[in-house]
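1. Build the 3D model from these lines:
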Amino acid sequence: IWRFPRIAAANGGGSFLIPWVLFLFLWSIPLIIAEFAIGKQTRLGTVGAFATLLGKRRAWMGGFVGLVATAIMFYYAVVAGWCLRYFSTALTGQLLDVTDHTANWNSFVASGWLPVVFHVMAIAIGAAINRKGVVHGIEKANRIIIPALLVLIVVSAVRAITLPGALGGLEYLFTPDLETIMDYRTWLQALTQNAWDTGAGWGLILTYAVYMKKREDIPLNAALIGLGNNSVSLLAGITIFCTVFAIVPGQGEELIRSAGPANTGLTFIWIPQLFNQMPGGWLFAIFFFLALTLAAISSLISMLELTTRILMDMKMSRDRALSLVFGAALLLGIPSALSIEFFVNQDWVWGMGLMVSGAFIAMAVISFGADRLRQDQINSSGSDIVIGRWYNGLISYAIPAQVIILVSWWFWQVIKGDPEQWWNPFQAESVGTCIFQWSAAIILLLALNRFIVRRTFDQ
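-> Alright, predicted model coming up:
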């Protein structure tokens, strides 16, 4: 909802959809299957799972996977706070009374205390849900959040399609262009988007899989998650493309490409302006920002659970573990709430870290034995969908190759774009800042490896 429409617009609309769907099957679903199988096999969070599959000396790799998702959680709670704030102002009608939405956004993020307040509110809502546990908290909340999100997105998409002039948006979104399809950058952006939006390689699915029933169908669940996620992205794209092309004829494509800092331009600056010009826009604004808030909260609670599960494996009670995670998220998210530049830095570093995280999950499968995991876990318990030997090649060769290509390409883009400062570890988006922060994290995890293993496995 937040990122897909802009990336699709910037990469040719319909031309982008072809590789985007392809990489769903080449990247996202294979990794989701792997995470389900690992979590179900080990019944431990990322640290314990990696120690079990790769040996206790490699527990730090599971720690890195968990740390990446946790670091993302710190600033993601800020994004959830932004969504919460815009939903509250849409609900009261204040949002549509604004005359200059750019100034309104800049004033909000520069106010200091307001983004912090909504960041605290978002993380508090997530922690309150997680505190009730998996069944009575997370599962019960998602039974409300996910259907409500789907209804809101479908209603919004239907309303957008019925606007006069909306056909231009549908044509741009679904009409491929051969020249754009042949551009390698379109394919790399499609792979990047899949790595971001499905949650594959984050360790989130692995964590939820700890609680799976013995006879749960892994391939079916993985397919439903991947296809369901991308369906919501597509509906969000339809909503925004149709609305933009209907309200601003002739400027739709240019407007959708307007990202602003940290992808904020479209969502928090342009979309409210469109609602101002739209009949019944106040209701549409409420629906859109409620859907955005629900989507953010559903993701936030999964990140909270991932870190909480790691600490619970280390013999902490849920209440104590969650209190520590809540306190860390509250405090370490504040810098991103106060500074867009810091937010952009964290988004760059740990967003890129997801690629490494996906590679580590593939390594865990390779170490355990891809064929063994496929037969013992993925195809066990009477699965309706049987995964063939082709999966072994995908997870063992295709995933690592995609990681190398993707990280190399993004690093090269940075080096080419800023040849004098690409190495600077204090630059917001540089190769140097990635290497510096990843190295610091790995050194710390290596130093703590023995302690973490002892707490996780000693009785």
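2. Show me where the stretch 101-250 of the chain has its strands.
-> For the stretch 101-250 of the chain, strands defined by DSSP state E, counting those that start in this stretch do not occur.
3. Low-confidence ranges, it, go.
-> Low-confidence segments of the stretch 101-250 of the chain, defined by pLDDT under 70, are absent.
4. Check the burial of residue 458 by counting its neighbours.
-> 8 (other C-beta atoms under 10 Å). Bear in mind the C-beta positions are built from the backbone N, C-alpha and C, glycine included.
5. same deal with residue 419?
-> Number of residues near residue 419 (other C-beta under 10 Å) recorded here: 9.
6. Name the SS class of it, please.
-> State at residue 419, reduced to three classes by DSSP: H, G, I helix; E, B strand; the rest coil: coil.
7. residues in contact with it?
-> When contacts are counted by C-beta atoms under 8 Å, 6 or more residues apart in numbering, residue 419 touches no other residue.
8. how much space between it and residue 431?
-> 11 Å (C-beta to C-beta, to the nearest Å).
9. And for residue 31?
-> Distance from residue 31 to residue 431, counting by C-beta to C-beta: 25 Å.
10. before we move on, what about residue 18?
-> Distance of residue 18 to residue 431, given as C-beta to C-beta: 30 Å.
11. of the two, who's got more company?
-> A side-by-side neighbour count of residue 18 and residue 431, using other C-beta under 10 Å, places residue 431 first with 22 against 16.
12. The more buried one touches residue 411, doesn't it?
-> Yes - at 4.9 Å, residue 431 counts as touching residue 411 under the criterion of C-beta atoms under 8 Å.
13. Show me the helices in the stretch 351-459 of the chain, by range?
-> Assigned by DSSP state H, counting those that start in this stretch, the helices in the stretch 351-459 of the chain fall at 370-373, 390-393, 399-417, 431-457.
14. Now do the last one: distance to the chain's middle.
-> It stands for helix 431-457. With C-alpha atoms, centre = their mean, to the nearest Å as the basis, helix 431-457 stands 22 Å off its chain's centre.
15. if I pick residue 129, what's in contact with it?
-> By C-beta under 8 Å, 6+ apart, the residues touching residue 129 are 137, 138, 141, 297, 301.
16. at 7 Å instead, please
-> Applying C-beta atoms under 7 Å, 6 or more residues apart in numbering to residue 129 gives the contacts 137, 138, 141, 301.
17. Reformat those residues as JSON lines; add distance to residue 156.
-> Below are those laid out as JSON lines (distance: C-beta to C-beta, whole Å):
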{"residue": "137", "distance to residue 156": "28"}
{"residue": "138", "distance to residue 156": "26"}
{"residue": "141", "distance to residue 156": "22"}
{"residue": "301", "distance to residue 156": "23"}
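18. What is the most widely separated pair among those residues?
-> By the measure C-beta to C-beta, 137 and 301 form the most distant pair in these, at 7.9 Å.
19. intersection of neighbour lists for these two?
-> In contact with both residue 137 and residue 301: 129, 130, using C-beta under 7 Å, 6+ apart.
20. The two: which is more packed in?
-> Ranked by neighbour count (other C-beta under 10 Å), residue 137 and residue 301 place residue 301 first, with 22 against 19.
21. Can you tell me which helices and strands the helix or strand hosting that one packs against?
-> In this assignment (DSSP states H and E), residue 301 forms part of helix 281-313. In terms of contacts (3 or more C-beta pairs under 7 Å, 6 or more residues apart in numbering; DSSP states H and E), helix 281-313 is packed against helix 46-54, helix 59-92, helix 113-131, helix 140-161, helix 204-209, helix 271-277, helix 318-332.
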